[in-house]
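Trainee: Structure for the following, please:
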Amino acid sequence: MKSYSNKTRFLIFIPTVFILIAFDQMTKIWAVETLKGHLPRQYFFGMAQLTYAENTGAWGNLGGNWDEPYRSLFLIFLPIIVLVAFSLFALFSKKINKLEFWSYCLIAAGGAGNLIDRIRFNFVVDFLYLGIKRPFETNIFNIADVVIMTGFGFMLLNMYQDWRSKKIVA
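Mentor: I've put the predicted structure just below:
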C-alpha cells in the first residue's frame, strides 16, 4: 500500500487531530453539564448508558491511586513522549503506508484529547458505557478512547494485511 506525500500528511494530520480533539472536548463539556450529578441514562435495557465518571488513572483506573511523581510520570509525561513520537513518525517516516498513517493519527488525536483532561483537571471525563454483565461489558469511556481504539484497530488490520501478503508470497 502506498504512502501519502509529506505535504498531504500534514494537510490530513493537523486538521484531523484538531477536529477530533475538539469533538472529544465538546462531548466532555456536554457530559459535565448534562450528566454530572445525575443518575445514568439507560438505553437498550441498560446495555448502553450515559453516565458521568472522573477517571484519575488510565484504562480501568490503572495508576489512579499511585503516589506522585509516579502518577504524573505514567499518566502525563510518558503519554506526551509517546504522542510526540507517534506524531513525528506519522508525519515523517518514509516506511509508513496509508493505514499506518491513519492509525498513528487517530491514536495521537485520542491520546491528546485525554491528555488535555489530565493536565486541566487531574482526571479524564468518561461518560459512555456498553455491556450486559461481566465479562461482556466495558469500562466507562469517552470519545477519545473510541478514537484511540479505532487507531489500534487500524494498526492490527495493517499487521494482518502485512502477515497475509507475506504468507501468500511464501
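
Trainee: Using the three-state scheme, assign Phe89.
Mentor: Classification of Phe89 using DSSP: H, G, I helix; E, B strand; the rest coil returns helix.

Trainee: How many residues are close by it?
Mentor: A count of nearby residues for Phe89, using other CB atoms under 10 Å, gives 15. No exception for glycine: its C-beta is placed from N, CA and C like everyone else's.

Trainee: Check the one 3 residues further on too.
Mentor: As a burial measure, Phe92 scores 11 neighbours (other CB under 10 Å).

Trainee: likewise Lys133?
Mentor: So Lys133, with other CB under 10 Å, has 8 neighbours.

Trainee: before we move on, what about the one 10 residues further on?
Mentor: The burial metric for Ile143, expressed as a neighbour count using other CB under 10 Å, is 22.

Trainee: Pretty sure it sits against Phe23.
Mentor: Yes - Ile143 lies in contact with Phe23 (CB atoms under 8 Å); the separation is 6.2 Å.

Trainee: worst-scoring helix or strand of the chain, pLDDT-wise?
Mentor: Every helix and strand in the chain was compared by mean pLDDT, DSSP states H and E; the lowest is helix 70-72, with a mean of 75.

Trainee: next one: that helix to chain centre, how far?
Mentor: 20 Å (CA atoms, centre = their mean, to the nearest Å).

Trainee: For that helix, name the packing helices and strands.
Mentor: Contacts defined by 3 or more CB pairs under 8 Å, 6 or more residues apart in numbering; DSSP states H and E place helix 70-72 against no helix or strand at all.
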